[in-house]
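In: Starting from these lines, generate the structure:
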Amino acid sequence: VLKAIKNIETIIAPALVGMEVSKQQEIDKKMIELDGTQNKSRLGANAVLSVSMATCRSAAKSSVIPLFLYLRQFVRKENIPPKIPTPMFNVVNGGKHAEDNLDFQEFLVIPASSKTFEEGLQIGTNIYKSLKDILKQNNMSTLTGDEGGFSPKLPTNHEVFTILKQAITATSLRVGFDIFFGIDVAANSFYENKQYHMRDRAQGLSAKDMISYYEELNKTNRLLYLEDPLSEDDWDGWSELSSKISQETIIVGDDLTVTNPYRLQMALDKKAITGIIIKPNQIGTVMETLAVVEVAREAGLKITVSHRSGESNDDFIADFAVGVSADYAKFGAPARGERVAKYNRLLQIEKQLKELKI
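Out: Residues are numbered from 1 along each chain as shown. Take a look at the predicted model:
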């Protein structure tokens, strides 16, 4: 953090002072030139992005319009009205976001897209509370991981779905109608020596074995969303998986694409994905992030705007998700201040959209 602040004060600020705050493209371009690297390694994405976001906020305030509407000017708006994305709630944490309890990083519950955001948030909160009760009844830990989801120790990843179904049934909701399942596998974290090592199987698995595992998992749990199911360089595996289950399940790249236009184009060429995670911190400026969104939308991908695991209470990302009319928003569990801040902002925007009759 201190290095980022120093870079802003000594390098970025002197170059930008005097520029008009409404010139977002020019300001972002100037910072990209100042950094001079492909991955913002000189100044750091934290330094560059914070200035880019602050510029956007300042210009929106100066224009006296909500941030999400200000962002709309940079988006191709043909037949794409602003909308509140469907929330994805990370209710069980594993992998690197918890303490060696599960292999998969996130187990998600996703309200039906026909629900309003307020209804979806209520559904997510009710399931979260119900899940906590189920864990207590089974003498399991209710400690939470980095993103607010619970982190129980279970013998297999598959058993999480059994507990989730119990929690959902207790709220009188129906899996496959009111609520759907998703997983962020983060397969890189258990991929070693060209094999996948997870607690569900005694032996290491090949890409073909993993694909068969996902097909089986999909049959029993009707997955709507599957993120980073294979290693980021296993392009053939991604293409095969996508060809087999993408008709009913969104195959999503995060580690695979890292909000990078070159990685995205490779994924499109290989027909590896049907959805993409968008994280401004992965690329470094607001305008570069918007450019990736446009490419993804033109390709017909489902767009999920995501927070990061180490978050602050800043809610810029909520306005961004609405501004680009994202399909989904992934902001963690309906718990902890840095996650709830985003959900509260989406509630406010939903009310504003109703008042503006948009």
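
In: so who does Ala329 touch?
Out: Pro85, Thr86, Pro87, Met88, Thr304, Val305, Ser306, Ala318, Ala321, Lys342, Leu346 (C-beta atoms under 8 Å, 6 or more residues apart in numbering). C-beta here means a position set from N, CA and C on the backbone, and glycine is covered the same way.

In: mind giving me the domain split of this protein?
Out: 2-64, 74-356 (automatic domain parsing).

In: Under a three-state scheme, what state does Ile276 occupy?
Out: With DSSP: H, G, I helix; E, B strand; the rest coil as the basis, Ile276 sits in strand.

In: What does Tyr191 show for phi and psi?
Out: phi -100, psi 120 (degrees, to the nearest 10).

In: picking that back up, now, which of the contacts of Ala329 lie within helices?
Out: By the criterion of DSSP state H, membership of the contacts of Ala329 in helices covers Ala318, Ala321, Lys342, Leu346.

In: Pull the number of nearby residues for Ser312.
Out: Other residues lying near Ser312 total 11 when counted by other C-beta atoms under 10 Å.

In: got a list of what the residue lying closest to it once chain neighbours are set aside touches?
Out: Leaving aside its sequence neighbours, Ser312 sits nearest to Glu338 (C-beta to C-beta, 6 or more residues apart in numbering; 5.9 Å). The contact partners of Glu338, by C-beta under 8 Å, 6+ apart, come to Glu311, Ser312, Asn313, Gly332.

In: Kindly indicate whether Glu338 is helix, strand or coil.
Out: Applying three-state DSSP: Glu338 is helix.

In: residue contacts, Gly120?
Out: Thr86, Pro87, Pro111.

In: ranking those residues by neighbours, who comes first?
Out: Among the contacts of Gly120, the one with the most neighbours (other C-beta under 10 Å) is Pro87, at 25 neighbours.

In: Now that it has come up, it's in contact with Ala112, right?
Out: No - with contact defined as C-beta atoms under 8 Å, Pro87 does not reach Ala112; the gap is 11.4 Å.

In: Reformat the contacts of Glu338 as a markdown table; add pLDDT.
Out: Shown next, in a markdown table, are the contacts of Glu338 (pLDDT from 0 to 100):
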| residue | pLDDT |
| --- | --- |
| Glu311 | 80 |
| Ser312 | 86 |
| Asn313 | 91 |
| Gly332 | 93 |
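
In: Relative to Asp35, which of those is nearest.
Out: Closest approach to Asp35 among the contacts of Glu338 (C-beta to C-beta): Ser312, at 22.0 Å.

In: just the contacts of Ala329 now: which is nearest Asn193?
Out: Ser306 (29.6 Å).

In: got a list of what the closest one touches?
Out: Asp254, Ile277, Ile278, Lys279, Ile317, Ala329, Lys330, Phe331.
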